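Student: attaching a predicted model along with its sequence, questions to come.
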Amino acid sequence: MRKAKIDRNTKETKISCTINLDGSGIADITTGIGFFDHMLELFVHHSLIDMQLKTDGDINVDLHHSVEDTAYAIAQATTKALGEKKGINRYGFSYIPMDECLSRCVIDFSGRPEFIWKVKLGLDKIGEMDTELFTEFFKAFTNESKCNLHIENLYGENNHHIIESCFKAFAKSFRIATEIDVRRNNQIPSSKGTL
């Protein structure tokens, strides 16, 4: 089983994250930010990983540190669980509709960080969460996991639907990219022989 546990402690946050890439979508998540918990639970459910996550952050200051550091912890656990990335598909993409909106996510666990975010939101907050923090979450995940991550909302009106479709598309892309390709015979998915 491809599992990993990360404990990340700073003066701003204390985070424990356990991931099983070969799970069944079981989530045990507490960040202190209701809407963020909801999005992460959707990510776990649709990626079919198992994740235990506990974030204690300085949300009395604002939510930025908790969101960003949680992304770092999830990325570190993912990277550790992937190991040398032998046998994985490496690439994943997904289009996800959510009522009136449609979003796309494409990911490549290439070993090179590059983040593209083409999502426009009309609200400053969804629930208690600043909408600018979604960019920070995905950017931190990209930088720490050293992946290419491209997320675009093609159209939509409801901000909740837009963000939810982005997280679901991320989840499905993540699942495809991290799954084992049996035809690859445990080889690293790169013509260079390394990622």
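Tutor: In hand now; what should we look at?
Student: please enumerate the helices of the protein.
Tutor: 34-47, 64-82, 132-145, 159-178 (DSSP state H).
Student: okay, now Ser16: neighbour count?
Tutor: 16 (other CB atoms under 10 Å). C-beta here means a position set from N, CA and C on the backbone, and glycine is covered the same way.
Student: and it, what is it in contact with?
Tutor: 5-8, 52-54, 73 (CB atoms under 8 Å, 6 or more residues apart in numbering).
Student: now with 10 Å?
Tutor: Residues counted as contacts of Ser16 (CB atoms under 10 Å, 6 or more residues apart in numbering) are 5-9, 52-56, 73, 77.
Student: as TSV, the residues you listed with neighbour count, pLDDT and distance to Ile188 would be great.
Tutor: Listed next are those as TSV, based on neighbours: other CB atoms under 10 Å; pLDDT from 0 to 100; distance: CB to CB, whole Å:
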residue	neighbour count	pLDDT	distance to Ile188
Lys5	14	98	24
Ile6	20	98	23
Asp7	12	98	28
Arg8	17	97	27
Asn9	11	96	32
Gln52	17	98	29
Leu53	23	98	28
Lys54	17	98	33
Thr55	25	98	32
Asp56	15	98	37
Ala73	24	98	25
Ala77	28	98	20
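Student: columns distance to Lys172 on top of the residues you listed, output as TSV?
Tutor: Formatted as TSV, these follow (distance: CB to CB, whole Å):
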residue	distance to Lys172
Lys5	25
Ile6	23
Asp7	28
Arg8	26
Asn9	32
Gln52	21
Leu53	20
Lys54	25
Thr55	24
Asp56	30
Ala73	22
Ala77	19
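Student: ok, Asp124 - contacts?
Tutor: Counting by CB under 10 Å, 6+ apart, Asp124 touches 130-132, 159.
Student: tell me which of those is nearest to Leu63?
Tutor: Nearest to Leu63, judged by CB to CB, of the contacts of Asp124 is Asp130 at 6.4 Å.
Student: give me the pLDDT value at that closest one.
Tutor: Note on Asp130: pLDDT of 97.
Student: around it, how many other residues sit close by?
Tutor: Neighbours around Asp130, by other CB under 10 Å: 17.
Student: right, and it touches Ile59 too?
Tutor: No: Asp130 lies out of contact with Ile59 (CB atoms under 10 Å); the separation is 11.6 Å.
Student: sorry, back to before: of all the helices of the chain, which one comes closest to Ser103?
Tutor: Using CB to CB, these put helix 159-178 closest to Ser103, at 3.9 Å.
Student: any idea how far that closest one is from the chain center?
Tutor: When C-alpha coordinates are averaged (CA atoms, centre = their mean, to the nearest Å), helix 159-178 and its chain have centres 8 Å apart.
Student: so which elements touch that helix?
Tutor: Helices and strands touching helix 159-178, by 3 or more CB pairs under 10 Å, 6 or more residues apart in numbering; DSSP states H and E, are helix 34-47, helix 64-82, strand 91-98, strand 101-108, strand 125-126, helix 132-145, strand 148-155.
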